[in-house]
Each structure stands twice: as structure tokens, then as C-alpha cells.
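*Asks:* Predicted model follows, preceded by the sequence.
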Amino acid sequence: MKFKTVILAAAGMFIVLELFFRFVIPVGDQPTNRFDPVDTVLHFDTNYTRDGFATFSCRAYRWGRWHINNYGWNSSVDYDTTEYRRKPVIAVIGDSYVYAEQVDCDKSYPALLREKLAGEAAVYSFGSDNIPLSQYLQISRYCRRLFKPDVLIVNVSNGDFSGSIATLHPRPSLKQITPVADSFAETTIIPFRCRNPWFSWMRISAFIRYLTFNLRIQSIDLHGVPDPFGDGEDSGLPDSLRSEVEGGMHYLIAKFRAENQGTTIIFMVDGRRGEIYEGFTGGSPLKWTTDMIAVECAENGIGFSDLQSVFADDYTRNHRRFDNGYDYHWDKYGHRVVADALYRYIQTHNVLPAADSTATTDR
């Protein structure tokens, strides 16, 4: 009898919580991951839910609406492969800053850049959460095979560097590099198990989604197996490891250039916004990473855009943060500032080639 009472009480509590997280504090969802065995990259599965919204933290703060397009990326537009386009293509590659679940998919900076270009070019974004620079290289190969972009924009943030090196932060489901003699070698990607059949049906429950996505209880995994290692933190690296990271970045950036001949490449580096908000003007522990990327880009004929001055100038004028304060990712305003800066860079440096008038469709 007691057992039956406990079961009924637990069921009743579950129903109450389910209704609470559906109607009182609505909880969002996340798209389902898919591992592409051909290009060995991770994107989203077009056979599952393709529209939804994200929420954040135990209070279920409302973030943005996402839409999974025809190629499995969070974007408000579908993508055309090379034979079905008449515009130059800009491919934007990055991590969660490009995936941009904090804003609606039509308010991310790639989407805003597409609007600003007003038909001059198609802008395709390829963002995946929590991946390093080495995986960007792998995604660039996928982009080159399917879309042959005219311009490649690589969105770089802190953690992209040491997170690329397998001996520092091993992540077998991603492309990484490892030191070999006086150079580096690329690791073999182990296929990512994207769906847990045992728990997939539980995704219907708003309460279970709250536990998984908002409280980050990773033992219940509805969209992929969590990686035990997060992004690397490059500011606190000891000097003994900095040379290894610098060597790895030299290898990766040279690879970007060698594999994308004829493509304009731009590395865009996030600003150190915490220092800007605090009015910090001293020597920054993070500046060495920005300087390193600038040198490597110059040596390889790659464009370089540092958002530090962009954010600093804007904050001086408007005294407005570029994130919402409880999450460091850019908010709507931050994405707008980045889109404006990138558009100015493209126009100032005459980045875009002439459009092809022979193709038959327009996207």
C-alpha cells in the first residue's frame, strides 16, 4: 500500500512539474545532432524537430528561436550547392557564437550580414557548439566540397587554440592536432553517437528537457553524448605550453590557406569584453592569443579583424554591453555590432568577387 501511495504521489508531482514547465515557465528544446560520416562533421538532423526555441539556466530565460535548414544548420535560409547559385558565397564558420542560440536565427550576425549585403552575396553560417579551431578546419573542408565559398570567415574566440590540441584537451569526436616531431599531425575522428535511443522518447517531456538543458544534468542525454572536456582556457596556459599552442596555430592557419587557394579568408577575433566593461587598460593575459593570430594571418595572406577596438569604441559611445550579463555570448545588440563591423570590413577591403550571371537560381 505504501509503495502504491509513493508511486501515485511521484506521478502526481511529475504531472504538476510537467504542466509548470509547459505553461508557467515554458522550457525550450535543442535540435538533435547528427554525425556526418562522409565529411566527419557534426551538424543537426533534418529528420527530427527543425524549429524551436532555447531557454537558459534554472530560471529558463528565453533565448532565441532556431530553425534547422536543408543542410542541418541553424539558419533562417536554405543553402544552395555550387550548381544552383548565381551569387558569391560567404561561409561563416565558428562555435556557439555562430550557432547563436541566444538570438533568433534571423538576428545572428551572419543573417544580419546577409541583409546588409542586400543580394550582393549569399551568407551561409556553419556553427556548432563548443568546438575548437581544428574542427573549424574540418568544417571548411565540408564547405569547400559542397559549396565552394568565395569568402571564408572564421570566427575565433578564446579556447579555440588549446582546445585544438589533443594532448591538452582530448576530444576524440572532433578533429584535433597532436605534436609529432617538429610538426603536428591530425587526429582521426571517432564517430559521435548522437542519439540515445533509450532516452529519446523522454524529450517529449518539458520537465526532462528542463533537467537536461537548463540544469545541465548530463546523465540524461537527449541529443548527444556530452564531451567530458570543454573548451581550453588559453589565458592561463603556462609558458611551457604556449609554444605548443603557437606551433599548433601556425600549423592550422597555414592549412586553412593551403587548402583554400583562391578563396578570401578572414579571421575575426572576439574582443576581450570583460576588460572593456571594467575599464581595464593594463597588460591583458589574453592579448597574446590575438597577437599570435594576427601574425599568422599576415604571414599567410589571410585577412584579420580584431573586434576589440570595435567593441571598445562602441562601449565608449553607448555604454551598452554586448551580452546579457548572465551569459557571455553576444546578445542581439552584440550581433548587430559585429555584423556592422564585418560589413564595413568587406566593403573597405573589396572582398566580394563579381556575381555569376550564368546560373539559374537566386538564394
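*Replies:* Received, thanks. Residues are numbered from 1 along each chain as shown.
*Asks:* what residues are up against the closest residue to Gly163 other than its chain neighbours?
*Replies:* Leaving aside its chain neighbours, Gly163 sits nearest to Pro132 (3.4 Å; criterion: CB to CB, 6 or more residues apart in numbering). For the C-beta atoms, the positions are set from N, CA and C on the backbone; glycine is no exception. Shown in contact with Pro132 (CB atoms under 8 Å, 6 or more residues apart in numbering): 95, 159-164, 169, 171, 174, 176, 231-232.
*Asks:* May I ask which of the residues you listed has the most neighbours?
*Replies:* Neighbour counts for the contacts of Pro132 peak at Ser164, which has 30 neighbours (criterion: other CB atoms under 10 Å).
*Asks:* in the stretch 251-363 of the chain, what spans have low per-residue confidence?
*Replies:* Within the stretch 251-363 of the chain, the stretches with pLDDT under 70 are 282-283, 355-363.
*Asks:* Run the chain-centre distance for stretch 48-56.
*Replies:* Centroid separation for stretch 48-56 versus its chain: 16 Å, with CA atoms, centre = their mean, to the nearest Å.
*Asks:* Send me that stretch as PDB with only the CA atoms.
*Replies:* The C-alpha trace of stretch 48-56 is given here as PDB (Å, rounded to 0.1, in the frame of the first residue of the first chain):
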ATOM      1  CA  TYR A  48      13.800  15.500 -36.300                       C
ATOM      2  CA  THR A  49      12.300  18.700 -35.000                       C
ATOM      3  CA  ARG A  50      13.500  21.600 -37.100                       C
ATOM      4  CA  ASP A  51      12.000  24.500 -35.300                       C
ATOM      5  CA  GLY A  52      12.100  25.500 -31.700                       C
ATOM      6  CA  PHE A  53      13.400  28.000 -29.100                       C
ATOM      7  CA  ALA A  54      16.100  27.800 -26.500                       C
ATOM      8  CA  THR A  55      16.000  28.600 -22.800                       C
ATOM      9  CA  PHE A  56      18.800  29.100 -20.400                       C
END
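*Asks:* what residue lies at the spatial centre of the protein?
*Replies:* Taking CA atoms, centre = their mean, the centroid of the chain lies closest to Asp95, which sits 2.0 Å from it.
*Asks:* Pretty sure that one sits against Phe126.
*Replies:* No: with contact defined as CB atoms under 8 Å, Asp95 does not count as touching Phe126 (10.3 Å).
*Asks:* circling back: which residue, neighbours along the chain excluded, lies closest to the residue nearest to the centre of the chain?
*Replies:* Computed as CB to CB, 6+ apart, the closest residue to Asp95 that is not its neighbour in sequence is Ile131, at 5.0 Å.
*Asks:* Confirm that neighbour sits in a strand?
*Replies:* No: secondary structure assignment (DSSP: H, G, I helix; E, B strand; the rest coil) places Ile131 in coil, not in a strand.
*Asks:* who touches Trp73 in this structure?
*Replies:* Going by CB under 8 Å, 6+ apart, Trp73 touches 43-44, 79, 124-127.
*Asks:* same question, Asn300
*Replies:* By CB under 8 Å, 6+ apart, the contact set of Asn300 is 253-254, 256-257.
*Asks:* Can you show me the CA trace of the helix ranked longest in the chain as PDB?
*Replies:* If you go by DSSP state H, the chain has its longest helix at helix 239-259. The C-alpha trace of helix 239-259 is given here as PDB (Å, rounded to 0.1, in the frame of the first residue of the first chain):
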ATOM      1  CA  ASP A 239      54.800  29.400 -20.800                       C
ATOM      2  CA  SER A 240      55.900  25.800 -21.300                       C
ATOM      3  CA  LEU A 241      52.600  25.100 -23.200                       C
ATOM      4  CA  ARG A 242      52.300  28.400 -25.000                       C
ATOM      5  CA  SER A 243      54.900  27.400 -27.500                       C
ATOM      6  CA  GLU A 244      53.000  24.200 -28.200                       C
ATOM      7  CA  VAL A 245      49.800  26.200 -28.800                       C
ATOM      8  CA  GLU A 246      51.600  28.700 -31.000                       C
ATOM      9  CA  GLY A 247      53.100  25.900 -33.100                       C
ATOM     10  CA  GLY A 248      49.600  24.300 -33.400                       C
ATOM     11  CA  MET A 249      48.100  27.600 -34.600                       C
ATOM     12  CA  HIS A 250      50.900  28.000 -37.100                       C
ATOM     13  CA  TYR A 251      50.000  24.600 -38.500                       C
ATOM     14  CA  LEU A 252      46.300  25.200 -38.600                       C
ATOM     15  CA  ILE A 253      46.300  28.600 -40.100                       C
ATOM     16  CA  ALA A 254      48.800  27.500 -42.800                       C
ATOM     17  CA  LYS A 255      46.400  24.600 -43.500                       C
ATOM     18  CA  PHE A 256      43.500  27.000 -43.900                       C
ATOM     19  CA  ARG A 257      45.500  28.900 -46.500                       C
ATOM     20  CA  ALA A 258      46.900  25.900 -48.300                       C
ATOM     21  CA  GLU A 259      43.500  24.100 -48.700                       C
END
